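**Student:** A structural model of the following input is requested.
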Amino acid sequence: SSRRSLLKAKAMDLITSVAILPLLVGCVGIFSLFKLLQRMHMKAYLQDAVVVITGATSGLGRECAKVFYAAGAKLVLCGRNREALEELTRELAAPSATKAQTYKPYAVTFDLADPGAIVAATAEILQCFGHVDILVNNAGISYRGTITDTTVDVDKRVMETNYFGPVALTKALLPSMIERRQGHVVVISSIQGKISIPFRSAYAASKHATQAFFDCLRAEVEQHEIEVTVISPGYIHTNLSRNAITADGSRYGAMDETTAQGRNPADVAKDVLSAVGKKKKDVILADLLPFLAVYLRTLAPGLFFGLMASRARKERKSKDS
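**Tutor:** Residues are numbered from 1 along each chain as shown. This is a model prediction of the structure:
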(Lines give C-alpha, C1' and ligand atoms only; values in the text may rest on other atoms or scores of the structure.)
Protein backbone atom coordinates (compact mmCIF):
# COMPACT_ATOMS: atom_id res chain seq x y z
CA SER A 1 0.00 0.00 0.00
CA SER A 2 2.76 2.40 0.97
CA ARG A 3 4.73 1.41 -2.15
CA ARG A 4 1.68 2.02 -4.30
CA SER A 5 1.21 5.44 -2.70
CA LEU A 6 4.87 6.27 -3.32
CA LEU A 7 4.62 5.28 -7.00
CA LYS A 8 1.42 7.28 -7.31
CA ALA A 9 3.11 10.35 -5.80
CA LYS A 10 6.09 10.01 -8.15
CA ALA A 11 3.75 9.67 -11.11
CA MET A 12 1.91 12.83 -10.06
CA ASP A 13 5.20 14.69 -9.67
CA LEU A 14 6.24 13.60 -13.16
CA ILE A 15 2.92 14.66 -14.67
CA THR A 16 3.08 18.02 -12.85
CA SER A 17 6.66 18.70 -13.99
CA VAL A 18 5.80 17.72 -17.56
CA ALA A 19 2.77 20.01 -17.50
CA ILE A 20 4.56 22.96 -15.88
CA LEU A 21 7.51 22.98 -18.29
CA PRO A 22 5.48 23.83 -21.42
CA LEU A 23 3.54 26.37 -19.38
CA LEU A 24 6.76 28.10 -18.29
CA VAL A 25 8.15 28.00 -21.83
CA GLY A 26 4.87 29.44 -23.10
CA CYS A 27 4.93 32.26 -20.55
CA VAL A 28 8.53 33.13 -21.44
CA GLY A 29 7.61 33.08 -25.13
CA ILE A 30 4.60 35.35 -24.64
CA PHE A 31 6.67 37.77 -22.53
CA SER A 32 9.46 37.81 -25.14
CA LEU A 33 6.93 38.44 -27.91
CA PHE A 34 5.37 41.26 -25.88
CA LYS A 35 8.79 42.90 -25.35
CA LEU A 36 9.62 42.52 -29.05
CA LEU A 37 6.34 44.15 -30.12
CA GLN A 38 6.90 46.90 -27.55
CA ARG A 39 10.38 47.62 -28.97
CA MET A 40 9.03 47.63 -32.53
CA HIS A 41 6.24 50.04 -31.59
CA MET A 42 8.69 52.27 -29.73
CA LYS A 43 11.08 52.30 -32.71
CA ALA A 44 8.25 53.22 -35.10
CA TYR A 45 7.01 55.95 -32.72
CA LEU A 46 10.40 57.69 -32.48
CA GLN A 47 11.62 57.23 -36.07
CA ASP A 48 10.99 60.45 -38.06
CA ALA A 49 9.30 62.12 -35.04
CA VAL A 50 10.01 65.85 -34.69
CA VAL A 51 11.49 66.20 -31.20
CA VAL A 52 12.21 69.54 -29.50
CA ILE A 53 14.65 69.41 -26.57
CA THR A 54 15.27 72.44 -24.35
CA GLY A 55 18.48 72.78 -22.34
CA ALA A 56 20.22 70.65 -24.97
CA THR A 57 23.69 72.17 -24.59
CA SER A 58 24.80 70.17 -21.54
CA GLY A 59 24.02 67.46 -19.00
CA LEU A 60 20.91 65.36 -19.46
CA GLY A 61 19.64 67.48 -22.36
CA ARG A 62 22.79 66.81 -24.38
CA GLU A 63 22.57 63.07 -23.71
CA CYS A 64 18.87 63.06 -24.63
CA ALA A 65 19.79 64.71 -27.94
CA LYS A 66 22.21 61.85 -28.65
CA VAL A 67 19.75 59.01 -27.94
CA PHE A 68 16.81 60.62 -29.75
CA TYR A 69 19.05 61.36 -32.75
CA ALA A 70 20.25 57.74 -32.82
CA ALA A 71 16.59 56.62 -32.70
CA GLY A 72 15.96 58.49 -35.96
CA ALA A 73 14.17 61.55 -34.60
CA LYS A 74 14.19 64.94 -36.35
CA LEU A 75 15.70 67.17 -33.68
CA VAL A 76 15.21 70.82 -32.84
CA LEU A 77 17.80 71.61 -30.14
CA CYS A 78 17.17 74.62 -27.92
CA GLY A 79 19.42 76.48 -25.51
CA ARG A 80 20.96 79.84 -24.67
CA ASN A 81 24.45 79.18 -26.08
CA ARG A 82 24.46 79.23 -29.90
CA GLU A 83 28.04 77.97 -30.19
CA ALA A 84 27.38 75.00 -27.88
CA LEU A 85 24.25 74.08 -29.88
CA GLU A 86 26.12 74.24 -33.19
CA GLU A 87 28.94 72.13 -31.73
CA LEU A 88 26.39 69.51 -30.66
CA THR A 89 24.73 69.46 -34.09
CA ARG A 90 28.14 68.88 -35.71
CA GLU A 91 28.90 66.09 -33.23
CA LEU A 92 25.58 64.38 -33.92
CA ALA A 93 25.98 64.68 -37.70
CA ALA A 94 29.40 62.95 -37.59
CA PRO A 95 29.43 59.42 -39.11
CA SER A 96 28.17 56.79 -36.67
CA ALA A 97 27.15 53.15 -36.54
CA THR A 98 23.46 53.92 -35.95
CA LYS A 99 21.12 51.83 -38.11
CA ALA A 100 18.23 54.31 -38.08
CA GLN A 101 17.67 56.96 -40.75
CA THR A 102 19.00 60.19 -39.22
CA TYR A 103 18.37 63.87 -39.94
CA LYS A 104 20.47 66.99 -39.51
CA PRO A 105 19.31 68.74 -36.32
CA TYR A 106 18.20 72.36 -36.19
CA ALA A 107 19.32 74.76 -33.46
CA VAL A 108 17.09 77.45 -31.95
CA THR A 109 18.69 79.86 -29.48
CA PHE A 110 16.62 81.55 -26.77
CA ASP A 111 16.41 82.02 -23.01
CA LEU A 112 13.54 80.08 -21.49
CA ALA A 113 13.46 82.54 -18.58
CA ASP A 114 12.65 85.40 -20.98
CA PRO A 115 8.86 85.37 -21.61
CA GLY A 116 9.22 87.74 -24.56
CA ALA A 117 11.60 85.36 -26.39
CA ILE A 118 9.28 82.35 -26.32
CA VAL A 119 6.74 83.55 -28.93
CA ALA A 120 9.48 84.21 -31.52
CA ALA A 121 11.25 80.95 -30.60
CA THR A 122 8.02 78.98 -31.07
CA ALA A 123 7.59 80.36 -34.59
CA GLU A 124 11.20 79.44 -35.39
CA ILE A 125 10.74 75.92 -33.94
CA LEU A 126 7.62 75.31 -36.05
CA GLN A 127 9.41 76.51 -39.20
CA CYS A 128 12.10 73.84 -38.85
CA PHE A 129 9.96 70.81 -39.78
CA GLY A 130 6.47 72.31 -39.98
CA HIS A 131 5.21 70.76 -36.75
CA VAL A 132 6.30 69.23 -33.42
CA ASP A 133 5.57 65.66 -32.39
CA ILE A 134 7.41 65.53 -29.04
CA LEU A 135 8.38 68.45 -26.81
CA VAL A 136 10.96 67.57 -24.14
CA ASN A 137 10.98 70.34 -21.50
CA ASN A 138 14.40 69.65 -20.00
CA ALA A 139 16.01 73.04 -19.29
CA GLY A 140 16.24 73.99 -15.65
CA ILE A 141 18.25 75.61 -12.89
CA SER A 142 18.94 74.40 -9.36
CA TYR A 143 19.20 76.29 -6.07
CA ARG A 144 20.94 75.99 -2.70
CA GLY A 145 20.16 78.16 0.33
CA THR A 146 18.14 78.82 3.46
CA ILE A 147 14.65 80.26 3.16
CA THR A 148 15.39 83.07 5.62
CA ASP A 149 18.40 84.28 3.61
CA THR A 150 16.86 83.94 0.15
CA THR A 151 15.42 86.99 -1.58
CA VAL A 152 12.08 86.67 -3.35
CA ASP A 153 13.84 87.67 -6.58
CA VAL A 154 15.78 84.39 -6.41
CA ASP A 155 12.55 82.41 -5.89
CA LYS A 156 11.09 84.17 -8.94
CA ARG A 157 14.20 83.51 -11.03
CA VAL A 158 14.11 79.76 -10.31
CA MET A 159 10.36 79.63 -10.91
CA GLU A 160 10.73 81.55 -14.20
CA THR A 161 13.18 79.00 -15.62
CA ASN A 162 11.82 75.77 -14.13
CA TYR A 163 8.09 76.46 -14.23
CA PHE A 164 6.89 79.49 -16.21
CA GLY A 165 9.32 78.85 -19.08
CA PRO A 166 8.22 75.25 -19.79
CA VAL A 167 4.58 76.23 -19.24
CA ALA A 168 4.83 79.13 -21.72
CA LEU A 169 6.61 77.03 -24.37
CA THR A 170 4.12 74.18 -23.95
CA LYS A 171 1.15 76.56 -24.27
CA ALA A 172 2.71 78.12 -27.37
CA LEU A 173 3.16 74.74 -29.12
CA LEU A 174 -0.05 73.13 -27.87
CA PRO A 175 -2.48 74.66 -30.44
CA SER A 176 -0.58 73.09 -33.36
CA MET A 177 -0.64 69.71 -31.56
CA ILE A 178 -4.37 69.98 -30.87
CA GLU A 179 -5.02 70.92 -34.49
CA ARG A 180 -3.20 67.79 -35.68
CA ARG A 181 -4.66 65.67 -32.84
CA GLN A 182 -1.16 64.41 -32.31
CA GLY A 183 1.60 65.33 -29.88
CA HIS A 184 3.54 64.34 -26.82
CA VAL A 185 4.58 66.75 -24.06
CA VAL A 186 7.43 65.55 -21.86
CA VAL A 187 8.78 67.35 -18.81
CA ILE A 188 11.94 66.48 -16.91
CA SER A 189 10.89 67.24 -13.36
CA SER A 190 12.70 65.83 -10.30
CA ILE A 191 12.15 63.54 -7.35
CA GLN A 192 11.96 66.91 -5.53
CA GLY A 193 8.74 67.53 -7.39
CA LYS A 194 7.26 64.83 -5.19
CA ILE A 195 9.17 65.32 -1.91
CA SER A 196 10.92 68.40 -0.49
CA ILE A 197 14.33 68.37 1.15
CA PRO A 198 15.85 71.20 3.23
CA PHE A 199 17.85 74.02 1.62
CA ARG A 200 16.27 73.40 -1.80
CA SER A 201 13.02 75.35 -1.26
CA ALA A 202 12.91 77.36 -4.51
CA TYR A 203 13.90 74.33 -6.61
CA ALA A 204 11.48 71.92 -4.91
CA ALA A 205 8.67 74.49 -5.15
CA SER A 206 9.25 74.94 -8.90
CA LYS A 207 9.25 71.17 -9.46
CA HIS A 208 6.12 70.64 -7.34
CA ALA A 209 4.39 73.31 -9.45
CA THR A 210 5.63 71.60 -12.61
CA GLN A 211 4.25 68.22 -11.50
CA ALA A 212 0.86 69.75 -10.70
CA PHE A 213 0.57 71.71 -13.95
CA PHE A 214 1.46 68.82 -16.24
CA ASP A 215 -0.79 66.42 -14.31
CA CYS A 216 -3.65 68.85 -15.04
CA LEU A 217 -2.54 69.16 -18.66
CA ARG A 218 -2.57 65.37 -19.11
CA ALA A 219 -6.21 65.18 -18.06
CA GLU A 220 -7.28 68.15 -20.20
CA VAL A 221 -5.60 67.14 -23.48
CA GLU A 222 -6.50 63.45 -23.33
CA GLN A 223 -9.57 64.28 -25.47
CA HIS A 224 -7.18 65.56 -28.19
CA GLU A 225 -5.12 62.32 -28.12
CA ILE A 226 -2.06 64.15 -26.80
CA GLU A 227 0.31 62.33 -24.44
CA VAL A 228 1.90 63.89 -21.34
CA THR A 229 4.89 62.31 -19.58
CA VAL A 230 6.39 63.60 -16.32
CA ILE A 231 9.82 62.14 -15.55
CA SER A 232 11.26 62.57 -12.05
CA PRO A 233 14.95 61.65 -11.82
CA GLY A 234 16.98 61.45 -8.63
CA TYR A 235 20.56 62.72 -8.51
CA ILE A 236 22.37 62.80 -11.87
CA HIS A 237 26.11 63.38 -12.29
CA THR A 238 25.93 66.72 -14.12
CA ASN A 239 26.94 70.32 -13.45
CA LEU A 240 23.45 71.16 -12.13
CA SER A 241 24.72 71.81 -8.60
CA ARG A 242 27.72 73.82 -9.86
CA ASN A 243 25.38 76.08 -11.84
CA ALA A 244 22.82 76.33 -9.03
CA ILE A 245 22.06 79.78 -7.66
CA THR A 246 22.30 80.64 -3.98
CA ALA A 247 20.28 82.78 -1.57
CA ASP A 248 21.73 86.04 -2.95
CA GLY A 249 21.52 84.99 -6.59
CA SER A 250 25.22 84.15 -7.02
CA ARG A 251 26.47 80.88 -8.53
CA TYR A 252 26.91 77.96 -6.12
CA GLY A 253 29.96 76.70 -8.01
CA ALA A 254 30.47 73.39 -6.19
CA MET A 255 29.74 69.75 -6.95
CA ASP A 256 27.61 68.26 -4.16
CA GLU A 257 28.59 64.82 -2.94
CA THR A 258 25.11 63.51 -3.78
CA THR A 259 25.39 64.90 -7.32
CA ALA A 260 28.90 63.48 -7.74
CA GLN A 261 27.54 60.05 -6.80
CA GLY A 262 24.50 60.46 -9.05
CA ARG A 263 23.63 58.38 -12.10
CA ASN A 264 25.42 58.73 -15.40
CA PRO A 265 23.35 61.16 -17.55
CA ALA A 266 23.80 58.88 -20.59
CA ASP A 267 22.03 56.06 -18.71
CA VAL A 268 19.24 58.39 -17.56
CA ALA A 269 18.79 59.60 -21.16
CA LYS A 270 18.20 56.00 -22.28
CA ASP A 271 15.51 55.67 -19.60
CA VAL A 272 13.94 58.93 -20.78
CA LEU A 273 13.89 57.64 -24.37
CA SER A 274 12.26 54.40 -23.21
CA ALA A 275 9.63 56.23 -21.11
CA VAL A 276 8.74 58.49 -24.05
CA GLY A 277 8.69 55.63 -26.54
CA LYS A 278 6.38 53.62 -24.28
CA LYS A 279 4.20 56.71 -23.66
CA LYS A 280 4.46 56.34 -19.89
CA LYS A 281 2.57 58.96 -17.92
CA ASP A 282 4.60 59.36 -14.72
CA VAL A 283 8.07 57.91 -14.17
CA ILE A 284 10.42 58.00 -11.18
CA LEU A 285 14.07 57.40 -12.10
CA ALA A 286 15.68 57.20 -8.68
CA ASP A 287 17.41 54.82 -6.29
CA LEU A 288 15.45 52.82 -3.72
CA LEU A 289 15.80 55.34 -0.84
CA PRO A 290 14.29 58.40 -2.58
CA PHE A 291 11.72 56.13 -4.23
CA LEU A 292 10.60 54.90 -0.80
CA ALA A 293 10.65 58.45 0.58
CA VAL A 294 7.90 59.41 -1.89
CA TYR A 295 5.61 56.79 -0.33
CA LEU A 296 6.79 57.55 3.20
CA ARG A 297 5.68 61.18 2.73
CA THR A 298 2.14 59.92 2.03
CA LEU A 299 1.88 56.93 4.37
CA ALA A 300 3.84 58.21 7.38
CA PRO A 301 4.20 62.00 7.06
CA GLY A 302 5.20 62.47 10.70
CA LEU A 303 8.17 60.14 10.28
CA PHE A 304 9.12 61.77 6.96
CA PHE A 305 9.06 65.29 8.46
CA GLY A 306 11.18 64.08 11.39
CA LEU A 307 13.78 62.64 9.01
CA MET A 308 13.89 65.89 7.01
CA ALA A 309 14.33 67.96 10.18
CA SER A 310 17.20 65.66 11.18
CA ARG A 311 18.75 66.07 7.74
CA ALA A 312 18.49 69.86 8.06
CA ARG A 313 20.26 69.77 11.44
CA LYS A 314 23.09 67.63 10.03
CA GLU A 315 23.57 69.85 6.96
CA ARG A 316 23.56 73.00 9.08
CA LYS A 317 26.07 71.47 11.49
CA SER A 318 28.43 70.38 8.68
CA LYS A 319 28.33 73.88 7.17
CA ASP A 320 29.00 75.56 10.50
CA SER A 321 31.93 73.26 11.35
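**Student:** per-residue confidence at the nearest residue to residue 86 once chain neighbours are set aside?
**Tutor:** Once flanking residues are discounted, residue 86 sits nearest to residue 107: 5.9 Å by Cβ to Cβ, 6 or more residues apart in numbering. For glycine as for every other residue, the C-beta is placed from the backbone atoms N, C-alpha and C. Residue 107 is assigned a predicted lDDT (pLDDT) of 96.
**Student:** residues contacting residue 230?
**Tutor:** The contact partners of residue 230, taken as Cβ atoms under 8 Å, 6 or more residues apart in numbering, are 187, 189, 193, 210-211, 214-215, 218, 281-283.
**Student:** again, but for residue 195
**Tutor:** Residue 195 makes contact with 204, 290, 293-294, 297, 304 under the criterion Cβ under 8 Å, 6+ apart.
**Student:** which element is residue 216 on?
**Tutor:** helix 201-221 (DSSP states H and E).
**Student:** list the buried residues of that helix.
**Tutor:** For helix 201-221, a neighbour-count test (16 or more other Cβ atoms under 10 Å) marks 201-211, 213-214, 217-218, 221 as buried.
**Student:** what's the closest of the residues you listed to residue 176?
**Tutor:** Set against residue 176, the nearest of these by Cβ to Cβ is residue 221 (12.6 Å).
**Student:** ok, the closest one to residue 185 distance?
**Tutor:** According to Cβ to Cβ, to the nearest Å, residue 221 stands 8 Å off from residue 185.
**Student:** now do the shared contacts for the two.
**Tutor:** The overlap between the contact sets of residue 221 and residue 185 (Cβ under 8 Å, 6+ apart) consists of 174, 177, 228.
**Student:** from those residues, list just the buried residues.
**Tutor:** When those are checked for burial by 16+ other Cβ under 10 Å, the buried set is 174, 177, 228.
**Student:** checking residue 231 next. Helix, strand or coil?
**Tutor:** Assigned with DSSP: H, G, I helix; E, B strand; the rest coil, residue 231 falls in the strand class.
**Student:** what sits against it?
**Tutor:** In this structure, residue 231 makes contact with 186-189, 271-272, 275, 283, 285, judged by Cβ under 8 Å, 6+ apart.
**Student:** which members of those are the farthest-apart pair?
**Tutor:** Going by Cβ to Cβ, the pair spanning the contacts of residue 231 furthest: 187 and 271, at 14.8 Å.
**Student:** compare these two (neighbour count), which wins?
**Tutor:** Between residue 187 and residue 271, counted using other Cβ atoms under 10 Å, residue 187 has the larger neighbour count: 26 against 15.
**Student:** return the distance of that one relative to residue 135.
**Tutor:** For residue 187, the distance to residue 135 - Cβ to Cβ - is 9 Å.
**Student:** repeat that for residue 262.
**Tutor:** Taking Cβ to Cβ as the measure, residue 262 falls 25 Å from residue 135.
**Student:** and if you look at residue 53?
**Tutor:** 8 Å.
**Student:** the more surrounded of those two?
**Tutor:** Per other Cβ under 10 Å, whichever of residue 53 and residue 135 has more neighbours is residue 53, with 29 against 26.
**Student:** for the nearest residue to that one once chain neighbours are set aside, list the residues it contacts.
**Tutor:** Leaving aside its sequence neighbours, residue 53 sits nearest to residue 136 (Cβ to Cβ, 6+ apart; 4.5 Å). Going by Cβ under 8 Å, 6+ apart, residue 136 touches 51-54, 61, 64, 68, 186, 188, 272, 276.
**Student:** against residue 114, how distant is residue 289?
**Tutor:** Distance, residue 289 to residue 114, using Cβ to Cβ: 37 Å.
**Student:** oh sorry, the question was meant for residue 256
**Tutor:** Counting by Cβ to Cβ, the separation of residue 256 from residue 114 is 28 Å.
**Student:** what's the answer for residue 88, then?
**Tutor:** Counting by Cβ to Cβ, the gap from residue 88 to residue 114 is 21 Å.
**Student:** of the two, who's got more company?
**Tutor:** Counting neighbours by other Cβ under 10 Å for residue 88 and for residue 114 shows that residue 88 has the greater number, 24 against 14.
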